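In: Here is my input; please provide its structure:
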Amino acid sequence: WTGDAQVFARAATYFSPWVDKFYDRWLYSMRDNQNIDGSYSNYYPMTGKPPYGFTNNSPGSMGWMEAGIIVPYQVYMQYGDVRLIERHYDSMVRYMDYLERNSEGFLPTSGGLGDHLALERTNAWLTNTAYYAYDAWMMSKLAAAIGRTDDSRKYAELYENIKEAFNARFVRDDGVTVAPYVPSRFMPAPEGVKPGDIVEVDTQTSYSLPLRFGLFDDSVKDKAVQHLVDDIEEHGNTLTTGFIGTPYLNVALSENGRDDVAYTLFEQEKYPSWLYPVLQGATTMWERWNSYTIENGFGPVDMNSFNHYAYGAIGEWMYSHAIGIQRDEDRPAYKHIILQPKVGGEMSFAKGSFESPYGVITSGWEKTAKGYVYRVTVPANTTASLTLQAPSVSAVKVLRGAEGVGPFRSLEGRVMAELRSGSYEFE
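Out: Okay, the predicted model is just below:
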C-alpha cells in the first residue's frame, strides 16, 4: 500500500542503511504501472498491462499516491543519490501535471481515503490540499538537486499559491481549521448544517499536517499549535489520528516547541496510543489501535492486520527529535548533521545510532541529579551543529572531546555549538 509506504519512508531509512536499494527497485514498479493520466495507484506492484496499471482511469487516493514523490524525496535526503531522482523525475512530473489538471484555484479535488482509520474524521479536501502543497515543495527541492532550475522555481511558486489557497479556504482568523461540509456516512451532518456550509474541522490531523508542511500563515500559526494541544488534552492526551495524521503528529509538536506534549503522547498507555497495543500483547505494529484487546478479543476481522507498519512511523520522531539525529536538507546524506536531542518524558535515558553514508552516528542522553549527560559520535569527514537544552553557556560542561567543539552561544533556553568529527560528552 502506497499510503503506508510514504508515511513510513523516513523511519525506514533510519532503521536500515540498505533500504534505498529496496525503494529504488520498488519505484520501478510505480513507474511501470503508473496510470496513463499520470496518477498513481493505492498499491504496487499490481496487475495490469503497462503503462495502464490496473485500469486506464482509476487513480488512487491523495496521501497514497504521494508515495511517488515522498519516497524519492526521503531516499535522496537520507542517502544523497541523485540518480534515483533522475530515473523517476519524469514520472513525478506526470503526477504533478495530473494534480494540476484536477485542481481549481490551487485546490485539488476532494474525496479519497483521507485519514484512514482515524477516530475523528478529517475533511479529505483539507488533507488533499495539504499534500498537494507538500508535493510542490518537495518537487522544488528535487528539481534543484538535478539542475532543473526553471522547474524548481515553478514548483516553489506553486507551493506558495497552494499555501495561500489553503489558508483562505481552510483556516479561520482565530487559527481554527474549517471546511465546507460534505455528507458522509462517517461524518453525520450537525443539526442545521447543509452540504457546503462552512463547519469547524478542528481535529489533530487538521493541524498536524499543515503544521508539518509549513502551511499556516505566521499570523495564525501559534494559534493553530495551541488548538492542536487543546484537542489532545480534551481527548485525555490520546491520539485521534489515522494513517496520514499519526506519522506527523509528534514531529509537528516538537518542531513547534511542544516536546512536552509529544512525550506525553509517546508514553501514553491508554487507548488509543502507541503503548496500548503493547499492553494488549502486541509484539508488532497493528493496523488498528485496538486490533486485539484482552477484554474484547479481536477487532473487525475484515480489515485487521497484525503486521502493519504504518503507525511505526513514530520511529522518525524517536530518531530525529528524541535522540536528535537530524539531517541538514541543504547538504543531504548527513555530510552536515543537525543534532538536537530533546530530553523529556518519564524515561531516564534514550540512545540510538544511525548508519549514515559517512559512517555511524550515535546519539544519546541520560538524566542525572544535576540535569542530563549527552553523548554523541560524529563520523569522519562530516561536521555537526549541536543544540542542547540549557539555560546558558555556563550551564554546559564538555566532559570529552573539547578540542573539537566550536564556541558556544545561547538563545532562548538553548546552547549551540559546531562540532568536528569525533566523540563527545556534555553535561
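In: Wasn't Ser410 part of a strand?
Out: Yes. The assignment for Ser410 by DSSP: H, G, I helix; E, B strand; the rest coil puts it in a strand.
In: Going toward the C-terminus from the lowest-mean-pLDDT helix or strand in the chain, what's the next helix or strand?
Out: For the chain, counting by mean pLDDT, DSSP states H and E, strand 292-293 ranks last in confidence among helices and strands (a mean of 88). Next helix or strand after strand 292-293 toward the C-terminus (DSSP states H and E): strand 297-298.
In: what pLDDT does the nearest residue to Gly364 once chain neighbours are set aside get?
Out: Of all residues not flanking Gly364 in the chain, Lys351 sits nearest, at 2.5 Å (Cβ to Cβ, 6 or more residues apart in numbering). Where you see a C-beta, it was placed from the backbone N, CA and C, and this is true even at glycine. pLDDT, Lys351: 98.
In: Can you tell me the SS state at Lys351?
Out: Classification of Lys351 using three-state DSSP returns strand.
In: Quick check, it in contact with Thr362.
Out: Yes. Lys351 lies in contact with Thr362 (Cβ atoms under 8 Å); the separation is 7.3 Å.
In: shared neighbours of these two, which are they?
Out: Arg375 (Cβ atoms under 8 Å, 6 or more residues apart in numbering).
In: Pairing partners for the least confident helix or strand of the chain, with directions?
Out: strand 297-298 (antiparallel) (DSSP bridges).
In: show me the contacts for the residue nearest to Gly364.
Out: Applying Cβ under 8 Å, 6+ apart, the residues contacting Lys351 are 323, 362-366, 375.
In: redo that, cut-off 7 Å
Out: By Cβ atoms under 7 Å, 6 or more residues apart in numbering, the contact set of Lys351 is 323, 363-364.
In: of all those, which comes closest to Gly422?
Out: The nearest member of the contacts of Lys351 to Gly422, counting by Cβ to Cβ, is Ser363 at 13.5 Å.
In: okay, now that closest one: neighbour count?
Out: 26 (other Cβ atoms under 10 Å).
In: Hmm, Ser110 and Ala124 touching each other?
Out: Yes. In this structure, Ala124 is within contact of Ser110 by Cβ atoms under 7 Å, at 5.4 Å.
In: Looking at those two, which is more packed in?
Out: Of the pair Ala124 and Ser110, Ala124 is the one with more neighbours under other Cβ under 10 Å, namely 24 against 17.
In: any idea how far Thr109 is from the more buried one?
Out: Distance of Ala124 to Thr109, computed by Cβ to Cβ, to the nearest Å: 9 Å.
In: What ranges does the stretch 101-250 of the chain have for its helices?
Out: 124-145, 149-170, 204-212, 218-234, 246-255 (DSSP state H, counting those that start in this stretch).
In: Quick one: residues contacting the most centrally placed residue in the chain.
Out: With distances taken as Cα atoms, centre = their mean, Tyr248 lies nearest the centre of the chain, 4.0 Å away. For Tyr248, the contact set (Cβ under 7 Å, 6+ apart) comprises 208-209, 212.
In: again, only this time at 10 Å
Out: Residues near Tyr248 by Cβ atoms under 10 Å, 6 or more residues apart in numbering: 7, 130, 134, 204-205, 207-213, 241, 255, 313, 316-317.
In: Without its sequence neighbours, what residue ends up closest to it?
Out: In this structure, Tyr248 finds its nearest non-sequential neighbour in Arg212, 4.1 Å apart by Cβ to Cβ, 6+ apart.
In: What degree of burial does the one you found show, as a neighbour count?
Out: 20.
In: Please tell me I have it right and it contacts Thr246.
Out: No. Arg212 is not in contact with Thr246 according to Cβ atoms under 10 Å; the separation is 11.6 Å.
In: Where does pLDDT dip in the stretch 201-350 of the chain?
Out: Nowhere does the stretch 201-350 of the chain drop to pLDDT under 70.
In: again but with the stretch 1-150 of the chain, I slipped
Out: 47-57.
In: for stretch 198-207, how far is the first residue from the last?
Out: 17 Å (Cα to Cα, to the nearest Å).
In: how far out from the middle of the chain is it?
Out: Centroid displacement of stretch 198-207 relative to its chain, using Cα atoms, centre = their mean, to the nearest Å, is 18 Å.
In: can you pull the buried residues of it?
Out: For stretch 198-207, burial by neighbour count (16 or more other Cβ atoms under 10 Å) applies to 199, 201-207.
In: same deal with stretch 142-160?
Out: In stretch 142-160, counting by 16+ other Cβ under 10 Å, buried: 142-143, 145, 148, 151-152, 154-156, 158-159.
In: before we move on, the earlier item: among the contacts of Lys351, which are located in strands?
Out: Among the contacts of Lys351, the members falling in strands (DSSP state E) are 363-364.
In: Among the contacts of Lys351, find me the one that's closest to Ala282.
Out: Using Cβ to Cβ, those come closest to Ala282 at Ile323, 23.0 Å.
In: check contacts around that closest one.
Out: By Cβ under 10 Å, 6+ apart, the contact list for Ile323 reads 339-343, 349-354, 361-365, 374, 376.
In: What distance do you get for it to Lys342?
Out: Counting by Cβ to Cβ, the gap from Ile323 to Lys342 is 8 Å.
In: Then Ala67?
Out: Ala67 sits 28 Å away from Lys342 when distances are taken as Cβ to Cβ.
In: so who does Met92 touch?
Out: Contacts here follow Cβ under 10 Å, 6+ apart; on that basis Met92 touches 27, 30-31, 34, 38, 40, 68-69, 72-73, 85, 135, 138-139, 142-143.
In: Mind giving me the PyMOL command for buried ones among those residues?
Out: In PyMOL syntax, the buried subset of the contacts of Met92 is picked out as below (16+ other Cβ under 10 Å):
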select buried, resi 27+30+31+34+38+40+68+69+72+73+85+135+138+139+142+143
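In: now, among the contacts of Met92, which is nearest to Leu419?
Out: Of all the contacts of Met92, Tyr73 has the smallest distance to Leu419: 26.8 Å, by Cβ to Cβ.
In: Find the nearest non-adjacent residue to that closest one, please.
Out: Spatial nearest neighbour of Tyr73, chain neighbours left out: Met138 (4.4 Å); criterion: Cβ to Cβ, 6+ apart.
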